[in-house]
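K.L.:
Sequence plus the predicted model coming up.
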Amino acid sequence: MLKPRVVVCLDVKDGRVVKGTNFEGLRDVGDPVELAERYEAEGADEIVFLDISATREDRGTLLDTVQRTAEVLFVPLTVGGGVRSADDIGPLLRAGADKISVNSAAVRDPSILTEGARRYGSQCIVASIDAAREDDGSWRHYTHGGKTRTDLDAVAWAERCAELGAGEILLTSIDRDGVRTGYDLDLTRAVAERVSVPVVASGGAGEAAHLRDAYRQGRASAALLAGILHDGLTTVGALKAALAADGIDVRPTASGADS
């Protein structure tokens, strides 16, 4: 059985890493290349690079920044933002990405998932789901960086994405994004129970216990975090040490990376 992964997210806007709350109030937190290198050294199992303004600006992902980031990494790199067709996937993989995350384009043309999986393998294709809870308790899927509400039920859409060829689901709770009160475990578990591919829980990490709960209660294969690392509140190594002490079989970090 695969070990639970700790994944660090770099939301990139205009070539800089930014962070906000509920997808709003973005602030600059650093250079993506420097941060990627630092988080890998701390013990991150994977890095996710999301060009969050590409879709809204109707442009492709910043290939140069992706390439510079990939060049300093040995752990897997997932890249998303600005992927508009299956033809956009190849250049990103050649720039150094290991996996490609797709959100808005898949809603517009779901065949991008199937075609991407056919050309490059489903292990390269990640369906990104940005979900917000509705008044009736269900979750609605949003596109364009959380700005555009769709008519898609987020859980059903995640299941459909896996059927179409996505090899992983990156599941972000818009309601929990940046608030540090824990992941939406009900959402995460609802999706994990409907798909046979790994689910990455995102949105709400504030401490190691939240990652533990995502694995155990939410049934996530990985937990993604950003803000608490960007703000220097903890390190990947410290989180992994706490998880290991709590009985979570995470990959070990390099010596000295848990401080």
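P.N.:
Yep, it's here. What you see is a predicted model, and the numbers here were worked out from it, not measured in a lab.

K.L.:
pLDDT weak spots in this protein?
P.N.:
1, 23, 55-57, 59-60, 254-259 (pLDDT under 70).

K.L.:
residue boundaries of the strands in it?
P.N.:
5-13, 16-21, 24-30, 46-51, 77-80, 99-102, 125-133, 139-143, 148-153, 168-173, 199-202, 222-225 (DSSP state E).

K.L.:
Let me know which of these is tucked in deepest.
P.N.:
Of these, the one with the most neighbours on average (mean count of other C-beta atoms under 10 Å) is strand 199-202, at a mean of 29. Using the backbone N, CA and C atoms, a C-beta is placed for each residue, glycine as well.

K.L.:
got a list of what the residue nearest in space to the middle of the chain touches?
P.N.:
Residue closest to the average C-alpha location in the chain (C-alpha atoms, centre = their mean): residue 170, at 4.9 Å. Residue 170 makes contact with 48, 78, 80, 101, 126, 127, 128, 129, 200, 202, 224 under the criterion C-beta atoms under 8 Å, 6 or more residues apart in numbering.

K.L.:
Ok, residue 192 next?
P.N.:
Applying C-beta under 8 Å, 6+ apart to residue 192 gives the contacts 199, 218, 219, 220, 221.

K.L.:
from the contacts of residue 170, which is closest to residue 25?
P.N.:
Minimum distance to residue 25 across the contacts of residue 170 is 17.7 Å, recorded for residue 202 (C-beta to C-beta).

K.L.:
hey, what's that closest one bridged with?
P.N.:
Taking DSSP bridges, one obtains residue 172 as the residues bridged to residue 202.

K.L.:
What segments of the stretch 101-250 of the chain are helices?
P.N.:
Taking DSSP state H, counting those that start in this stretch as the criterion, the stretch 101-250 of the chain carries its helices at 104-108, 111-120, 154-164, 185-192, 208-216, 227-230, 236-245.

K.L.:
so which of those gets nearest residue 74?
P.N.:
Comparing the helices of the stretch 101-250 of the chain by their distance to residue 74 (C-beta to C-beta), the top pick is helix 236-245, with 14.5 Å.

K.L.:
mind pulling up the phi and psi values for residue 136?
P.N.:
phi -90, psi 0 (degrees, to the nearest 10).

K.L.:
Could I get the buried residue list for stretch 72-92?
P.N.:
If you call a residue buried by 16 or more other C-beta atoms under 10 Å, then stretch 72-92 has these buried ones: 72-73, 75-84, 86, 88-89, 92.

K.L.:
Mind checking which of the residues you listed land in helices?
P.N.:
Among these, the members falling in helices (DSSP state H) are 89, 92.

K.L.:
out of the buried residues of stretch 72-92, who's nearest residue 247?
P.N.:
For the buried residues of stretch 72-92, with residue 247 as the reference and C-beta to C-beta as the criterion, the closest is residue 75, at 23.7 Å.

K.L.:
and the closest one, what is it in contact with?
P.N.:
Residue 75 touches 40, 44, 45, 46, 47, counting by C-beta under 8 Å, 6+ apart.

K.L.:
For the last one, give its distance to residue 160.
P.N.:
What that stands for is residue 47. Taking C-beta to C-beta, to the nearest Å as the measure, residue 47 falls 27 Å from residue 160.
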